[in-house]
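K.L.:
Got a sequence here, can you build the structure:
(2 chains)
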2 protein chains.
Amino acid sequence: MENFKIHFKSETEIKNIDHITEKLTKIVGSERISVDEIDRIAYGKDYWLISNLMTLKGVQPTLPDLIVWPKSPDEISQILKIANKYQIPVIPYGEGSGVVGGALAIHGGIILDMKYFDSIKINQTNMTVTVGTGLNGAVLERHLNEHGFRMGHIPQSIRTSTIGGYIAHRAAGQFSGIYGKMEDIVLSMEIVLPTGEIIKTKTYPRASVGPMVDRLFLGSEGTLGIVTEATCKIWPMPEKQGKLSYLFSDMQNCLDAIRETLQTRVNPGVIRIYDIKETERHFGETIKNSKGKIMLIFVFEGNERLVNLEMHITSGNCEKNNGIATGEKPVDHWFETRFKVSEASEFGPYNLVMDTIEVSCMWDKSKELYDEVIKSILSVPGIFLASGHASHFYTTGVCWYFTFSGIPKGDKDYIAFYNDVWDATIRTSLRIGGTASHHHGMGVNRSRWMRLEHGGEFNILQKIKAMLDPNNVMNPGKLYSEEIQKRNL
Amino acid sequence: MENFKIHFKSETEIKNIDHITEKLTKIVGSERISVDEIDRIAYGKDYWLISNLMTLKGVQPTLPDLIVWPKSPDEISQILKIANKYQIPVIPYGEGSGVVGGALAIHGGIILDMKYFDSIKINQTNMTVTVGTGLNGAVLERHLNEHGFRMGHIPQSIRTSTIGGYIAHRAAGQFSGIYGKMEDIVLSMEIVLPTGEIIKTKTYPRASVGPMVDRLFLGSEGTLGIVTEATCKIWPMPEKQGKLSYLFSDMQNCLDAIRETLQTRVNPGVIRIYDIKETERHFGETIKNSKGKIMLIFVFEGNERLVNLEMHITSGNCEKNNGIATGEKPVDHWFETRFKVSEASEFGPYNLVMDTIEVSCMWDKSKELYDEVIKSILSVPGIFLASGHASHFYTTGVCWYFTFSGIPKGDKDYIAFYNDVWDATIRTSLRIGGTASHHHGMGVNRSRWMRLEHGGEFNILQKIKAMLDPNNVMNPGKLYSEEIQKRNL
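P.N.:
Numbering: from 1, shown residues only, chains lettered A, B, ... in the order given. This next block holds a predicted model:
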């Protein structure tokens, strides 16, 4: 370990590692635990751009002390009791596709790989599926499809992400217009609390039985316990899928067409706006006349007659707002490319820093937020691209998804440059009344805006963390700590 | 005060009442505070059946020490600081129409009447309304209607209840099929915490910024702080309202018709099933052939073409499941009578005990829960009526609403009889996997089932209460206390 640099060097490296390993081996057996360097390196990164860039530059982002693969809530409970006794960090790990450093073991400790939690049980009458949280998203969706159902949670990362990751980050999929975000999808959970108690929340449609305490665990990013199983809503496979696309000259017109559609209680599954730059990048070659325009695409699905009517109403709203119909081709193009991600590794060798930032806001701030964030990104020295699309819409507002790229200037390194762009974006969003994140979560990268994001609520969050996790063993250093409020990596 | 009995006699009666009154008067002035007996009596009851019956029998349910009418979050904050210093209970009060004793000052203290919090501000673009929580529900809906909007939260109690009450109890209105419950309607809140801090949660469509801590205050029944303002979703006034009704011979057929409709993503605003007894009671005189049948009524509303299609699909599902169409007349009858409540006071003089109990469950338990609860109520000596309707439906399940009446037998008084029926019902619901309440909340009456309802979650709830309200001043004795877990009134 002497010959490479570790960025987040654990100050709390486990001293009595052999003793701890022995104790954990008693719980999970010798086959499901590892202290091998190769495993520690593999689990010391996630899909955060900075984690990727570090790796490319020969810097290991973090180095957890050991990896455990538990099989039951009871095993996790026992592991957590040891972690509490010896004050060792525990970080639940799905498939490491988070993009904000949420799964990084920044204080070392035990990586709890959840992949053995892969059960699936469909209830056809209730239209629910009860799943292990280590299950891969694509495996679940495929299984449901084969049985005539659809959860409809289709994030771009679906092939490399788990149900647990979705719950931990209040994730959103491409068809959120119909199926919602994870907070809309999850009905109940089995949770191992930081101190080892196992609880199960009740599965019910709606109730009035005191404070909605179970919602605390949605978006908790592994800091308040480990969700081991969840019961989620599912839907019948759609009879029909319908596609529409429109070009707009004016962003406000385009936003209005969508807003008016949703506010009529018409719900396209997919709605995506691409600003002028992104329209050119994605559709410039295939759709003539798209230059200088804003592309809007829709996918509808469900009951055939309902889809037909929804398409009819949506078309009317687009035309009323000066949209020019461009048929199914742009939608087909999106379907073909929707799981492709530009890899940081493509650009890293050229010293290029390229990332995406998603935030959300209410409708009345949507145009201003887009304009101001683009302006603020472009003001960072070294930036040469700032563009945006919007991919999740509600009757009340929108999620903007910005892409930036640039090359650090002067004496700034890639991390300082990266931080400058993120600071410009998030501070602009917060100033205008937007959020710090719509569906990627806070992790290492965004936790420094938690207090600004939450205001007076932040104090309550800190107290809840201290109460549920008195020894601060669950994914420490994220979300709540005063230290991370000041962190610039 | 010597000449009448007080049921929940305050053990914590304020000793230094003059001193406290003086301090509170400094905050709100002399016009907005009262220690008059007539006010203390008026605010010592709510609309819980037992509270009503006590009053009829000359027993005062509770006797708060004083009533204050604050006008701002800052005044509430100051009042709470005094309450903490002297450990005086504080009970927020809307219009006292709760039916489970939630607003009863069972330990005496300060009633905080919220009626001055009556602001209304519509945001047409975001389709939201920001309202003071002391506002009357009917006043809000009428105001919105005049401006072309609809919140659509129409509980039976709308003329005698407030926004704050709805939030405190996760309330449901008659059109919940479209507009949802309060947890679906509320986007953000201004809250005065038990220790006096004022916080505002952010208004956003959806986000991923850590645990959903704001949801704790939905359903908190005045125990975790006082919500002073809320921003809620609204909708355009519907173009069309459509009505359908069907008679069924078989309950399972009827449930299946509804389930299949909702699971196709068709959302009638109102869906109501009446069992054989309730069909006879409500429709026996006006709808021929309804005897021995189950009535199902629907109200649809929204965009005209959407309503037409939803009605078409719903009709198809009803006919497929052997429903016999009975036109608009039963729906018109419901519209005419929907705000009428059978008053306990009508029956009290005859020694009759009559109440309603709502619970919820998933679809696969819906028929069993109905059958078993009816059976369990009928098994209580003295009962001569047990019937049920269902009035809120989801893709995943249903809310059952049971009505019972009877006359206490043997040496049981009305309270013991009442408790027996409630025990039979709630224990049956919990045993089958249902909840203890769908939208009325827990209050004094149901808090004794909190631990059974929540299992391991209950411990977390108790800790959150202790953390946020260290002196237990906010609506004490409800939801969390060990004492109330054992209470039989």
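K.L.:
tell me the contacts of the residue nearest the centre of chain A?
P.N.:
Central residue of chain A (C-alpha atoms, centre = their mean): A:His440, 2.9 Å from the mean position. Residues counted as contacts of A:His440 (C-beta atoms under 8 Å, 6 or more residues apart in numbering or on different chains) are A:98-100, A:169, A:358, A:446, B:208. (Each C-beta comes from the backbone N, C-alpha and C, glycine too.)
K.L.:
So which of the residues you listed are in strands?
P.N.:
Judged by DSSP state E, strands contain the following of the contacts of A:His440: A:Glu358.
K.L.:
any idea how far the residue in the stretch 351-489 of chain A that chain B sits nearest to lies from B:Pro238?
P.N.:
The stretch 351-489 of chain A approaches chain B most closely through A:Gly456 (3.1 Å), counting by C-beta to the nearest C-beta. A:Gly456 sits at a distance of 38 Å from B:Pro238 (criterion: C-beta to C-beta, to the nearest Å).
K.L.:
Looking only at neighbour counts, state which of the two leads.
P.N.:
B:Pro238 (21 against 15; other C-beta atoms under 10 Å in any protein chain shown).
K.L.:
Where do the helices of the stretch 351-489 of chain A begin and end?
P.N.:
A:366-378, A:414-432, A:443-446, A:450-454, A:457-468, A:482-486 (DSSP state H, counting those that start in this stretch).
K.L.:
now those as JSON lines including mean neighbour count, mean pLDDT and distance to A:His333?
P.N.:
Below are the helices of the stretch 351-489 of chain A laid out as JSON lines (neighbours: other C-beta atoms under 10 Å in any protein chain shown; pLDDT from 0 to 100; distance: least, C-beta to C-beta, whole Å):
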{"stretch": "helix A:366-378", "mean neighbour count": "20", "mean pLDDT": "98", "distance to A:His333": "23"}
{"stretch": "helix A:414-432", "mean neighbour count": "20", "mean pLDDT": "97", "distance to A:His333": "27"}
{"stretch": "helix A:443-446", "mean neighbour count": "26", "mean pLDDT": "95", "distance to A:His333": "31"}
{"stretch": "helix A:450-454", "mean neighbour count": "20", "mean pLDDT": "96", "distance to A:His333": "35"}
{"stretch": "helix A:457-468", "mean neighbour count": "19", "mean pLDDT": "97", "distance to A:His333": "42"}
{"stretch": "helix A:482-486", "mean neighbour count": "13", "mean pLDDT": "78", "distance to A:His333": "40"}
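K.L.:
Let me know the helix or strand that A:Pro70 is in.
P.N.:
A:Pro70 is part of no helix or strand when elements are defined by DSSP states H and E.
K.L.:
just checking, it touches A:Tyr116?
P.N.:
Yes: at 6.7 Å, A:Pro70 counts as touching A:Tyr116 under the criterion of C-beta atoms under 8 Å.
K.L.:
shared neighbours of these two, which are they?
P.N.:
What both A:Pro70 and A:Tyr116 touch, as defined by C-beta under 8 Å, 6+ apart, is the set A:Arg32.
K.L.:
So the two - more neighbours on which side?
P.N.:
Set side by side, A:Pro70 and A:Tyr116 show more neighbours around A:Pro70, with 27 against 15, by other C-beta under 10 Å.
K.L.:
Let me know the distance separating that one from chain B.
P.N.:
Taking C-beta to the nearest C-beta, to the nearest Å as the measure, A:Pro70 falls 19 Å from chain B.
K.L.:
Next: A:Ile297.
P.N.:
For A:Ile297, the distance to chain B - C-beta to the nearest C-beta - is 20 Å.
K.L.:
if I've got this straight, that residue is in a strand?
P.N.:
Yes: assessed by DSSP: H, G, I helix; E, B strand; the rest coil, A:Ile297 belongs to a strand.
K.L.:
For A:Gly152, what is the enclosing helix or strand?
P.N.:
Using DSSP H and E, A:Gly152 falls outside every helix and strand.
K.L.:
how many neighbours does it have?
P.N.:
23.
K.L.:
Tell me who's in contact with the nearest residue to it once chain neighbours are set aside.
P.N.:
Excluding the flanking residues, the one nearest A:Gly152 by C-beta to C-beta, 6 or more residues apart in numbering or on different chains is A:Tyr179, at 3.3 Å. Contact analysis of A:Tyr179 by C-beta under 8 Å, 6+ apart lists A:150-153, A:173, A:185, A:233, A:235, A:269.
K.L.:
swap in A:Ser208?
P.N.:
So A:Ser208 contacts B:169-172, B:219, B:437-442 (C-beta under 8 Å, 6+ apart).
K.L.:
Surely A:Ile460 and B:Leu468 touch.
P.N.:
Yes: counting by C-beta under 8 Å, A:Ile460 does reach B:Leu468; the two are 7.1 Å apart.
K.L.:
what is in contact with the two at once?
P.N.:
Common neighbours of A:Ile460 and B:Leu468 (C-beta under 8 Å, 6+ apart) are B:Leu193.
K.L.:
near chain B, anything from stretch A:87-94?
P.N.:
No: using C-beta under 8 Å from any C-beta of the partner chain, stretch A:87-94 never reaches chain B; the gap is at least 14.9 Å.
K.L.:
Give me the distance between the two termini of that stretch.
P.N.:
With C-alpha to C-alpha, to the nearest Å as the measure, stretch A:87-94 spans 23 Å from end to end.
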